[in-house]
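In: need a 3D model of the following:
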Amino acid sequence: MRIFNIETAGEPPKGQLVNTPPPFEVPARKIGQVFGLAYDNGTLIEGRTDGRRTVPNLYVTAAVMHGLQVVIPDNDDDGRPERIKTGQPGAVFMDGQHGFELGGGPGSIYKIDGVTGEVTLFANVELDGVANSGPALGNIAFDRAHQQLLVSDLDTGMIHRFDMQGNDLGHFDHGVDGRPRNGFDAVADDGTVMDITTPAFDAQDPDTWGFTAPERRVYGLGVRNNRLYYAVFGGLQIWSVGFNHDGSFADDARWELDVRSDSDAPVTDIAFDRKGFMYLAQRGHVKNAYDYSLFADPAKGEVLRYHREVPDDPATPSVWVETPAEFAIGFPEGHRMTLGGIDLGYGYDKKGRRRSFSCDGMLGTTGEDLRNNPAMADQLSAGGPFNVHGFQLNSKRLVRPANVPPWKSYFVDFDGRFEDPEVRGHVGDIEIWHPCKGGRSIGWGETIPWPGDIPHDLPKCVEVEWAEYQCYPGGFDGYLWLKDNAGIGADSLKVQSTRPGVVVSPPMQTQAPGDPFILDINGAAPGSRVDVNICFYKGSDAVPGKPFRCCQARLPLRMPNEFCAP
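Out: Here you go, the predicted structure:
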């Protein structure tokens, strides 16, 4: 595993390679083969010459997405264990497969201290005291609001919650508790496990690796608006489940969409920007070539972006648009060289300088053979080597047909060797540290409890069930969970600030049931009060030129005492 400190070349991207200082590395003997990656709020460092800064701690998860290597004891007296292709009595995982030096295994989560670099075993994912048998974990996500980590288990299909001390807080069973809520049959785990000591196990056939059933197999995770979004392999679907106020899973799982893709490869990562756009990355089906050359089916993944229908189209089953936008990843024909890791980070201006106010302007995507296209060799040669396995950075606005081929992109190689264009699947997830912190070290996206009592002196037609704030550069985001007591099916909100100089936006928005309405509040001083006129209504009733039912109220918003301006 490698951690990079990257600055761009100081000029507009032209498909060039970005030179990086030597990365911080963690050897496989400590953490094994990992894919999932997440960071927490970080640790504040004092006394630096560049002032106060925050450094995150990293959490990584055991995986078999980079192959599965099995051995038996040495039997030819060469001092090394014998690598095998099929299960045999006495077989064990090869050293470096799952980080055994720290006592880990296929269900392990490791913590990398952001200040010291110390690597420790954070937790082992178990179900009722039974350890992961070998299929390992899917991905990991950090829930800032409740200070917890969410991890998907490919052995059982469960999604586990862990506090920041590594204690298991419980799990959610999509197959049994999620599917039936949306009209699908329940699918329980059938108890299949990986057993590398039997002839039925084939190291080159993932179907023998003990994965749980596709209908309950969860890969990518992402947190947004007090909900966990998760990718289910069977049917290539995105689902979500809410959090209760204590961080436990709510009983409200819902289907979000069927992924529209030319590939049936799993969605291994999910990210959201501040506008609520959802970004998905696929990774080609796991492979396990004996010569270590192929760990993922090449050029089979897509990077997609979905946004909500506003207003929701009642003729479509999902609240999300049916056809997503797609990004061009890599120069090879088709431009689908992703390896299933995505994240958002600071944007850059036309001179290649970081824009600190653009917290999520750049999309980072892991990929392979990113700059290798013989038909463009003369043009590409000026930007560096061709055989780049690592990641691509480009503006999140550049969806197809823009940036095809991806000349308006930066590229980073994961090991700086630029070798072996035929090697596939060696790169995994990516996380980009972009705290965008404001005053008093309140970071962008950090939840602030609602100051005082939640407003209750409102007309009977509407009720504020819960409310909270989040900081972002320039102001506050107010999150409001509203209840429709009038029974009109209200899912939309119009707002208007009554205080001069204070802007509350957007003026109109629609949200899915159970999701909060998000108000961007600019110009309000900490601790002040802003009264907002609201109209709570059903979006599909608002036909231009015709009357519609609307619950009207004046909502008093009390600003937090924290100062969140940059």
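In: got the buried residues for the helix or strand where residue 519 lies?
Out: Assigned by DSSP states H and E, residue 519 belongs to strand 517-522. Neighbour-count burial for strand 517-522, counted by 16 or more other C-beta atoms under 10 Å, picks out 517, 518, 519, 521. All C-beta spots, glycine's among them, are computed from the backbone N, C-alpha and C.
In: mind putting those residues in JSON lines, distance to residue 547 and pLDDT included?
Out: JSON lines is the format used below for the buried residues of strand 517-522 (distance: C-beta to C-beta, whole Å; pLDDT from 0 to 100):
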{"residue": "517", "distance to residue 547": "23", "pLDDT": "92"}
{"residue": "518", "distance to residue 547": "27", "pLDDT": "89"}
{"residue": "519", "distance to residue 547": "26", "pLDDT": "90"}
{"residue": "521", "distance to residue 547": "30", "pLDDT": "87"}
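In: and the furthest pair within the residues you listed?
Out: 517 and 521 (12.4 Å; C-beta to C-beta).
In: got any ranges where the stretch 301-450 of the chain has weak pLDDT?
Out: 349-351, 355-357, 436-447 (pLDDT under 70).
In: quick one, strands of it?
Out: 303-306, 325-326, 338-345, 347-348, 354-355, 362-367, 390-395, 409-413, 447-449 (DSSP state E, counting those that start in this stretch).
In: wait, doesn't residue 14 sit right on residue 383?
Out: Yes - shown here, residue 14 and residue 383 form a contact pair, counting by C-beta atoms under 8 Å, at 6.1 Å.
In: and those two? which has more neighbours close in?
Out: Using other C-beta atoms under 10 Å, the more surrounded residue of residue 14 and residue 383 is residue 383, with 21 against 14.
In: same question for stretch 143-154: list its buried residues.
Out: Buried residues in stretch 143-154 (16+ other C-beta under 10 Å): 143, 145, 146, 148, 149, 150, 151, 152, 153, 154.
In: I should have written stretch 476-496 there, sorry.
Out: Buried, per 16+ other C-beta under 10 Å, within stretch 476-496: 476-482, 484, 486, 488, 490-495.
In: for it, what does the pLDDT average out to?
Out: Taken as a whole, stretch 476-496 has a mean pLDDT of 92.
In: do the same with stretch 216-229
Out: Stretch 216-229 comes out at a mean pLDDT of 94.
In: helices along the stretch 1-150 of the chain, start to end?
Out: For the stretch 1-150 of the chain, the helices defined by DSSP state H, counting those that start in this stretch occupy 28-31.
In: might you list the low-confidence residue ranges for it?
Out: In the stretch 1-150 of the chain, residues with pLDDT under 70: 1-12, 19-22, 44-53.
In: in CSV, list the C-alpha atoms belonging to stretch 103-117.
Out: Output of stretch 103-117 as CSV, limited to C-alpha atoms (Å, rounded to 0.1, in the frame of the first residue of the first chain):
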residue,chain,number,x,y,z
GLY,A,103,-2.2,-11.2,13.8
GLY,A,104,-4.7,-10.4,11.1
GLY,A,105,-6.6,-12.5,8.6
PRO,A,106,-9.2,-12.3,5.8
GLY,A,107,-11.6,-10.3,8.0
SER,A,108,-9.1,-7.7,9.2
ILE,A,109,-9.2,-3.9,9.3
TYR,A,110,-5.9,-2.2,9.8
LYS,A,111,-5.3,1.3,11.1
ILE,A,112,-2.4,3.5,9.9
ASP,A,113,-1.7,6.4,12.3
GLY,A,114,-1.6,9.6,10.3
VAL,A,115,1.0,11.2,12.6
THR,A,116,3.4,8.4,13.4
GLY,A,117,2.8,6.0,10.5
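In: got the buried residues of strand 517-522 as a markdown table, with distance to residue 327 columns?
Out: Below are those laid out as a markdown table (distance: C-beta to C-beta, whole Å):
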| residue | distance to residue 327 |
| --- | --- |
| 517 | 29 |
| 518 | 25 |
| 519 | 30 |
| 521 | 32 |
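In: closest one of those to residue 470?
Out: residue 518 (8.7 Å).
In: isn't that closest one right next to residue 224, touching?
Out: No - judged on C-beta under 8 Å, residue 518 makes no contact with residue 224 at a distance of 10.2 Å.
In: give the residues shared as contacts by these two.
Out: residue 276 (C-beta atoms under 8 Å, 6 or more residues apart in numbering).
In: burial count for residue 165?
Out: 7.
In: distance between stretch 185-195 and the chain's centre?
Out: What separates the centre of stretch 185-195 from the centre of its chain is 26 Å, taken as C-alpha atoms, centre = their mean, to the nearest Å.
In: same check, this time on stretch 239-250
Out: For stretch 239-250, the distance to the chain centre is 17 Å (C-alpha atoms, centre = their mean).
In: any buried residues in that stretch, and which?
Out: 239, 240, 241, 242, 243, 247, 249.
In: for stretch 521-528, same thing?
Out: Those would be 521, 524, for stretch 521-528 by 16+ other C-beta under 10 Å.
In: just the CA coordinates for the next helix or strand along the chain from the strand holding residue 519, please, in PDB.
Out: Later in the chain than strand 517-522, the nearest helix or strand by DSSP H and E is strand 529-537. Only the C-alpha atoms of strand 529-537 are listed here, as PDB (Å, rounded to 0.1, in the frame of the first residue of the first chain):
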ATOM      1  CA  ARG A 529     -31.400  33.400  14.100                       C
ATOM      2  CA  VAL A 530     -32.700  33.300  10.500                       C
ATOM      3  CA  ASP A 531     -36.500  33.000   9.900                       C
ATOM      4  CA  VAL A 532     -37.300  31.100   6.700                       C
ATOM      5  CA  ASN A 533     -40.600  30.900   5.000                       C
ATOM      6  CA  ILE A 534     -41.300  27.400   3.700                       C
ATOM      7  CA  CYS A 535     -43.800  25.700   1.400                       C
ATOM      8  CA  PHE A 536     -43.900  21.900   1.900                       C
ATOM      9  CA  TYR A 537     -45.700  20.200  -1.000                       C
END
